[in-house]
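>>> compute the structure for the input listed below.
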Amino acid sequence: MLDQNGEGTDSRVIAAIDTAIQLKDQFNIRVINISLGRQVFESYQLDPLCQAVEQAWKAGMVVVVGSGQRRPRPLSHPNGYGTISAPATTLT
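Here you go, the predicted structure:
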């Protein structure tokens with residue numbers, strides 16, 4: 001799903017999640033580990049990557065995601081919005 005430089009697209013990650021869901025019973029897939037993240041552009045309720053993660057969870061899979069290593073926002077954003085990357089925002 002990622003290339004030799006560790007880069008990829010949302011659509012490729014979503015396709016991999018969808019494939020895991022489809023093959024869940026055949027291969028007894030119970031856990032998905034998604035060790036990647038990207039900037040948050042919209043609510044997790046609208047974000048296609050977050051929605052794919054939620055579908056895997058609804059299919060009965062444990063989904064492990066990295067929350068990101070972004071530095072805290074300046075004091076003008078005291079709630080920390082934007083410090084957790086997608087798809088981890090699905091779980092917050």
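
>>> from here on, contacts and neighbour counts on C-alpha atoms
OK.

>>> report pLDDT for Pro48.
As predicted, Pro48 sits at a pLDDT of 91.

>>> look at Cys50 and say how many residues are nearby.
Applying other Cα atoms under 10 Å, we find 21 residues neighbouring Cys50.

>>> which other helices and strands contact the top helix by length along the chain?
As assigned by DSSP state H, the longest helix anywhere in the chain is helix 10-27. Packing partners of helix 10-27 (3 or more Cα pairs under 8 Å, 6 or more residues apart in numbering; DSSP states H and E): helix 48-58.

>>> which element follows the helix it packs on toward the C-terminus?
On the C-terminal side of helix 48-58, the nearest following helix or strand under DSSP states H and E is strand 62-65.

>>> quick one: the longest helix of the chain to helix 48-58, angle?
Orientation check (axes from the mean of the first three to the mean of the last three Cα atoms, to 10 degrees): helix 10-27 against helix 48-58 gives 10 degrees.

>>> how far out from the middle of the chain is helix 10-27?
13 Å (Cα atoms, centre = their mean, to the nearest Å).

>>> tell me the strands beside the very next helix or strand once past that helix, with direction?
Sequence order places strand 31-34 as the next helix or strand after helix 10-27, per DSSP H and E. Take DSSP bridges as the rule and strand 31-34 pairs in its sheet with strand 62-65 (parallel).

>>> stretch 33-41: end-to-end distance?
22 Å (Cα to Cα, to the nearest Å).

>>> what sits up against the helix or strand of the chain with the lowest mean pLDDT?
Of all helical and strand segments in the chain, the minimum by mean pLDDT, DSSP states H and E falls on strand 62-65, at a mean of 90. Contact with strand 62-65 is made by 30-36, 53, 56-57, 87-88, as judged by Cα atoms under 8 Å, 6 or more residues apart in numbering.

>>> out of those, flag the one nearest to Asn5.
Leu36 (12.9 Å; Cα to Cα).

>>> which of the helices or strands spans that closest one?
Using DSSP H and E, Leu36 falls outside every helix and strand.

>>> before I go, just wanted to say thanks for your time.
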